[in-house]
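J.: can you look at this prediction? I've put the sequence above it.
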Amino acid sequence: MDRPAKERKRKKGRQMTDTKITLPESEIPTHFYNIAPDLPTPLSPPLHPVTREPVGPDALAPIFPMGLIQQEVSLEPMIEIPGEVRDIYRLYRPSPVFRARTLEQFLDTPAHIYYKSEHVSPVGSHKLNTALMQVYMNRREGVKRLATETGAGQWGSALGCACKLMGLECMVYMVRASYDQKPYRRIMMRTYEADVVASPSNLTASGRAVLAEDPHSPGSLGVAISEAVEDAVGREDTKYALGSVLNHVLLHQTVIGQEAIRQMELAGEYPDVLIGCHGGGSNFAGLAFPFLRDKLRGGQRKLRAIAVEPRACPSLTRGKREYDFGDVAGLTPLLLMHTLGHKFIPPPVHAGGLRYHGAAPLVSHLLDAGVIEAEAYSQGEVFASALQFAQCEGTIPAPESSHAVHSAIQHALRAREAGTREVILFNLSGHGHFDLGSYESYLNGTMDLNA
Ligand SMILES: Cc1ncc(COP(=O)(O)O)c(C=O)c1O
């Protein structure tokens, strides 16, 4: 028997007592897992915004490099990660899985709670996983500058960082509500020499149109996307980068779940429930899709995967699945997704990264097929759980990630009532060090708890 096989045999059936389950750099995945060929029915194609005909790769070429467009429509089950990207992943990957022992004790639950720690990346979230890959693919095709939107600033910081590490310029349209609430994210982006403006801005026709209607608009991801797409289409040297929603972005995040599968093997357990917060779908998909491969191929029938969204922006739990634009101005192709309507501007809740009217087509497809589930919670419930988590585990979760924390706690409490030893694994998609203003508003009692 070779050594890894012996090791696996030794570990199987025996639970690990470690709190932190780590992997060596040699176990950074070499490929992304593409769920598309495993779907029960094929995904419907995006449609042209004017003709409503399926769009071919050429229609997307003004905004994305061909390498990413190919990944968007690929049916290859595994897609290789370039060596240069894997080398930069070494700065923070593989990320650890923690067993939340103190939280379990505090909740007095027989459930085992694990979390995958994407907050350990240099920028503090999972967003760097796709940012590095997107910058790499753009640079390979001669692109010099990327334009993007950002909500809470996590995606903007990640793209800014990736652009700096690989030598591209970066232009970020940051949703006004977050621009005002989160000054440190702005400074972080500027530290990486990215240009940052509040959206809606006066720099684009779509921004000016929103400002004309409401000069105090808090903005939304949909508005900021319109601005960034317009910027990219208007300049030869620039393409657009999206931090979530699209197939290729979800694909890049599957490094998370692939590592977690190995880490849960080392822990000697298999999850009953997978949980991720849901803005556009990328961190949820990143954790869940590699596990769902087993379920889609006929194994692990009971495995549950739950996407958790804010009650203020309930695209999965309340939205309709229909063709809609990805942005407010209607510049993007139409995607078949759960949506609240592209004109929907969510209330300015603190989880800025979850304020998006739509959901990833892949996540929407799996929800309709009954493969995954969705839950929605209010801001007050989510922050109460975020505090419990921080006080037990030390780490202060991002407001977005706190939705996953809250759901994990609800499932652990239900396991206590039922007396079952459920194994829960959730994705801690980011830390909340730059979101302390939202914690302050919770602690001061000024937060709208019901939003
Ligand atoms: C920490 C964190 N988690 C989650 C999200 C939501 O995005 P997604 O659903 O693509 O993971 C964001 C978005 O900005 C984020 O910053």
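T.: Nice, thanks for sending it over.
J.: name the helices or strands packed onto the host helix or strand of residue 84?
T.: Secondary structure from DSSP states H and E places residue 84 in helix 83-89. Judged by 3 or more Cβ pairs under 8 Å, 6 or more residues apart in numbering; DSSP states H and E, the packing partners of helix 83-89 are helix 127-140. Bear in mind the C-beta positions are built from the backbone N, C-alpha and C, glycine included.
J.: count the neighbours of residue 221 for me.
T.: When neighbours are counted by other Cβ atoms under 10 Å, residue 221 registers 35.
J.: what distance do you get for it to residue 156?
T.: 11 Å (Cβ to Cβ, to the nearest Å).
J.: do residue 439 as well
T.: Residue 439 is 21 Å from residue 156, by Cβ to Cβ.
J.: ok, back up a step: quickly list what's touching both of residue 221 and residue 156.
T.: Common neighbours of residue 221 and residue 156, using Cβ atoms under 8 Å, 6 or more residues apart in numbering, are residue 149.
J.: if we can go back for a sec, more neighbours, residue 439 and residue 156?
T.: Between residue 439 and residue 156, counting by other Cβ under 10 Å, residue 156 is the more crowded of the two (33 against 19).
J.: next up, the contacts around residue 402.
T.: By Cβ under 8 Å, 6+ apart, the contact list for residue 402 reads 277, 351, 382-383, 385-386, 389, 432.
J.: got the residues of this structure near the ligand?
T.: Where the chain comes near the ligand, counting by Cβ under 6 Å from any ligand atom, the residues are 125, 151-152, 154-155, 244, 277-284, 353-354, 398, 400-401, 429-430.
J.: give me that answer again for 5 Å
T.: Contacts of the chain with the ligand, taken as Cβ under 5 Å from any ligand atom, map to 125, 151-152, 154, 244, 279-280, 282-283, 353, 398, 400, 429-430.
J.: out of those residues, which are buried?
T.: Those of the residues of the chain next to the ligand that meet the buried threshold are 125, 151-152, 154, 244, 279-280, 282-283, 353, 398, 400, 429-430, by 16 or more other Cβ atoms under 10 Å.
J.: least confident of these?
T.: Lowest pLDDT within those is found at residue 152 (83).
J.: does that one count as helix, strand or coil?
T.: Assigned state for residue 152: coil (three-state reduction, DSSP: H, G, I helix; E, B strand; the rest coil).
J.: give the contact list for the residue nearest to it when sequence neighbours are not counted.
T.: The spatially closest residue to residue 152, leaving aside those adjacent along the chain, is residue 352, at 3.6 Å (Cβ to Cβ, 6 or more residues apart in numbering). By Cβ under 8 Å, 6+ apart, the contact list for residue 352 reads 151-153, 175, 177-178, 181-182, 399-400.
J.: now, those residues that are in helices?
T.: Members of the contacts of residue 352 lying in helices (criterion: DSSP state H): 177-178, 181.
J.: any idea which of those has the most stuff around it?
T.: Within the ones in helices among the contacts of residue 352, residue 178 tops the neighbour count with 30 neighbours, counted by other Cβ under 10 Å.
J.: and that residue, how far from residue 403?
T.: For residue 178, the distance to residue 403 - Cβ to Cβ - is 16 Å.
J.: in the helix or strand hosting residue 438, which residues are buried?
T.: Following DSSP H and E, one finds residue 438 within helix 436-444. By 16+ other Cβ under 10 Å, the buried positions in helix 436-444 come out as 438-439, 441-442.
J.: dump those into a markdown table; add pLDDT as well.
T.: Shown next, in a markdown table, are the buried residues of helix 436-444 (pLDDT from 0 to 100):
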| residue | pLDDT |
| --- | --- |
| 438 | 93 |
| 439 | 96 |
| 441 | 95 |
| 442 | 97 |
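J.: not counting sequence-adjacent ones, nearest residue to residue 209?
T.: Residue 209 sits nearest to residue 329 (Cβ to Cβ, 6+ apart), 7.2 Å away.
J.: that neighbour contacts residue 220, doesn't it?
T.: No - using Cβ atoms under 8 Å, residue 329 is not in contact with residue 220, being 11.6 Å away.
J.: what comes into contact with stretch 404-415?
T.: 103-104, 107, 109-111, 113, 115, 273, 275-277, 306, 308, 375, 377, 381-382, 384-386, 388-389, 397, 421-422, 424, 426-429.
J.: using CSV, list the CA coordinates for it.
T.: These are the backbone C-alpha positions of stretch 404-415, laid out as CSV (Å, rounded to 0.1, in the frame of the first residue of the first chain):
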residue,chain,number,x,y,z
ALA,A,404,-23.7,31.9,7.1
VAL,A,405,-22.7,32.1,10.8
HIS,A,406,-26.3,32.7,11.8
SER,A,407,-27.6,29.9,9.7
ALA,A,408,-25.0,27.5,11.1
ILE,A,409,-26.1,28.4,14.6
GLN,A,410,-29.7,27.9,13.8
HIS,A,411,-28.9,24.4,12.4
ALA,A,412,-26.8,23.6,15.5
LEU,A,413,-29.7,24.6,17.8
ARG,A,414,-32.1,22.5,15.8
ALA,A,415,-29.7,19.6,16.1
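J.: now, among the contacts of residue 402, which is nearest to the ligand?
T.: Nearest to the ligand among those is residue 277, at 5.1 Å by Cβ to the nearest ligand atom.
J.: quick check: the closest residue to the closest one other than its chain neighbours vs residue 130, distance?
T.: Among residues not flanking residue 277 along the chain, residue 403 sits closest, at 3.9 Å (Cβ to Cβ, 6+ apart). Using Cβ to Cβ, residue 403 is found at 20 Å from residue 130.
J.: so for these two, which residue has more residues nearby?
T.: Just comparing residue 403 and residue 130: by other Cβ under 10 Å the higher neighbour count belongs to residue 403, 33 against 29.
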